[in-house]
Each structure stands twice: as structure tokens, then as C-alpha cells.
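Chemist: What follows is a predicted protein model with its sequence.
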Amino acid sequence: MASKVDGVIEAVRYAADGRIALVRGYERRGATFSDHVLISRDRLVEQLQKGKKFFTGSRREFFASTFETRASVMLVKKDGKEWVATGKDTARDQLDDVPLF
């Protein structure tokens, strides 16, 4: 797992307009992580703006707060809009290789 992880996103739900509606994941709570939580797009953007580090990934079965992380989640600003993505070349919300729920 990456050294400084504040949250791990394991699934995403997109709204009809293509923007993220919700993500399902885990948030750091001190030395451990929460059970899975639903995080709205607004709250996720707020956390990323505060400098929190979110990654895509999944919890390792039977290993408590151990995760297999994949890509870093970032805010991408383009044409006056802000997108949540795992890559810099995007013009929409896009979390690659994250299953839908």
C-alpha cells in the first residue's frame, strides 16, 4: 500500500451527466480504516482540495486494513471545470479500472 493513504475507492456510481454521483470506499480513521462508506462527489472533491490522498484499489480479504492500491485519484482542472480522475488527460470524471455499483 502507498505510504500516505487517506482513502481507497473500490467502486463508483456515475450520474446521468457522466459526473461521479457516489464512490464506495474506505477512509483512514487514525491508525486504521473505516468499514466501507459512501462518499458524495462534493465531499470527495472537498477532501482532495484539502490535500487528502485517495487511491483506487480494494481491501485484501482477511487482512483488516491492508489494501491493494492501483492509481492515485486527483483533481484535474481543464477549461474552467474541475474533474475527478486517475489520469491528467481527461475532460470528464473518470476513474479507470474501478467497477460500477
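Modeler: Now that the structure is in, tell me what you want to look at.

Chemist: For residue 31, see how far away residue 60 is.
Modeler: 17 Å (CB to CB, to the nearest Å). Just so you know, the C-beta spots here come from the backbone N, C-alpha and C atoms, and that holds for glycine as well.

Chemist: got a list of contacts for the least confident helix or strand in the chain by mean pLDDT?
Modeler: Least confident helix or strand of the chain, by mean pLDDT, DSSP states H and E, is strand 32-33 with a mean of 91. Contact with strand 32-33 is made by 8, 26-27, 59, 64-65, 67, as judged by CB atoms under 8 Å, 6 or more residues apart in numbering.

Chemist: in the sheet, who's paired with residue 37?
Modeler: In this entry, residue 37 is beta-bridged to residue 25, by DSSP bridges.

Chemist: who's in contact with it?
Modeler: 24-27.

Chemist: Distance to residue 35, pLDDT and neighbour count added to these, as JSON lines?
Modeler: Formatted as JSON lines, those follow (distance: CB to CB, whole Å; pLDDT from 0 to 100; neighbours: other CB atoms under 10 Å):
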{"residue": "24", "distance to residue 35": "11", "pLDDT": "98", "neighbour count": "16"}
{"residue": "25", "distance to residue 35": "11", "pLDDT": "96", "neighbour count": "27"}
{"residue": "26", "distance to residue 35": "7", "pLDDT": "96", "neighbour count": "24"}
{"residue": "27", "distance to residue 35": "10", "pLDDT": "96", "neighbour count": "17"}
